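K.L.:
Below are the sequence and a predicted model for it; my questions follow.
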Amino acid sequence: MPARLVVLVSGTGSTLQALLDAAADPSYGVVVVAVGADRDGCEGLRRAERAGVPTFVCRVADHRDRAAWDRALAEECTAFGPDLVVSAGFMRLAGPAFLDRFGGRFVNSHPALLPSFPGMHGPRDALAHGVKVSGCTLFLVDAGVDTGPIVAQRAVDVNDDDDEQSLHERIKLAERLMLVDVVGRMLREGYCVTGRKVTMP
Ligand code: GAR
């Protein structure tokens, strides 16, 4: 049986697309069973629709408060029975209800080498600091902001003439490869979390 993946998006969904493309090959061993978003009409949702993958939208504004939104998001995801949930450009912090349900099975991809430059503007903050190497990080989400145990990282050189967009685009190339490789291995072969250390066979 292929493993079941739910992907959460907020925007363009180019990293989602890499997972959809990989999952189109049965030998990858993973099916994207649903794509969820926190907003209507984003390109990520359209990519899912084009791939024939069910979608759902869970907007904060449609709920009484963030806790109610968090519970609703957990319910929406649970309905698809995922083995793993991937946040791929999902620009919201999941709360306690979601983490109760999916803690240890919820990964986020971030466009910087954590623990440096967490938050919404990883590439911008890395450039402003003048680093020569940045990259991307896949981590298990915990209650902090980009603080969870690191599953994988890829380094990307920063060029002298980079701006935020050029650096972010180059990081995304590495991010797509990392996601496809590591999410596939996590689901096919399993992984082990000991404190902050994540290992795969
Ligand atoms: C990715 O670089 C992802 O790491 C980043 O948003 C981009 C989504 O691109 N996420 C964050 O910055 C979360 N803090 P995409 O919509 O083209 O897949």
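P.N.:
Received, thanks. Numbering: from 1, shown residues only.
K.L.:
residues contacting the closest residue to the ligand within the chain?
P.N.:
At 2.6 Å from the ligand, residue 89 is the closest residue in the chain, using Cβ to the nearest ligand atom. For the C-beta atoms, the positions are set from N, CA and C on the backbone; glycine is no exception. Residues counted as contacts of residue 89 (Cβ atoms under 8 Å, 6 or more residues apart in numbering) are 9-16, 44, 109.
K.L.:
again, 6 Å this time
P.N.:
Neighbour list for residue 89: 9-11, 15 [criterion: Cβ atoms under 6 Å, 6 or more residues apart in numbering].
K.L.:
Likewise for residue 102?
P.N.:
So residue 102 contacts residue 85 (Cβ under 6 Å, 6+ apart).
K.L.:
State the distance from it to residue 168.
P.N.:
27 Å (Cβ to Cβ, to the nearest Å).
K.L.:
what's the answer for residue 58, then?
P.N.:
With Cβ to Cβ as the criterion, residue 58 and residue 168 are 26 Å apart.
K.L.:
likewise residue 113?
P.N.:
To residue 168, residue 113 is 14 Å away according to Cβ to Cβ.
K.L.:
Check residue 57 too.
P.N.:
Counting by Cβ to Cβ, the gap from residue 57 to residue 168 is 25 Å.
K.L.:
With neighbour numbers in mind, choose between these two.
P.N.:
The residue with more neighbours, out of residue 57 and residue 168, is residue 168; 22 against 15, by other Cβ atoms under 10 Å.
K.L.:
Might you report the residue contacts of that one?
P.N.:
If a contact means Cβ under 6 Å, 6+ apart, then residue 168 has 111, 123 as its contacts.
K.L.:
heads up, I number from 28, so please use that
P.N.:
With the count now opening at 28, the last piece we talked about shows up as residue 195.
K.L.:
Can you name the helix or strand that it falls in?
P.N.:
Assigned by DSSP states H and E, residue 195 belongs to helix 191-216.
K.L.:
Same question for residue 125.
P.N.:
Going by DSSP H and E, residue 125 is in helix 123-129.
K.L.:
and for the following helix or strand past that helix, what are the contacting residues?
P.N.:
Per DSSP H and E, the first helix or strand lying C-terminal to helix 123-129 is strand 133-137. For strand 133-137, the external contacting residues (Cβ under 6 Å, 6+ apart) are 112-115, 149, 164-165, 167-168, 173, 202, 206.
K.L.:
try stretch 159-167
P.N.:
For stretch 159-167, the external contacting residues (Cβ under 6 Å, 6+ apart) are 134, 136-141, 153, 175-183, 185, 198, 201-202, 205, 209.
K.L.:
ditto for stretch 144-153
P.N.:
Residues outside stretch 144-153 that contact it (Cβ under 6 Å, 6+ apart) are 137-139, 161, 172-173, 191, 194-195.
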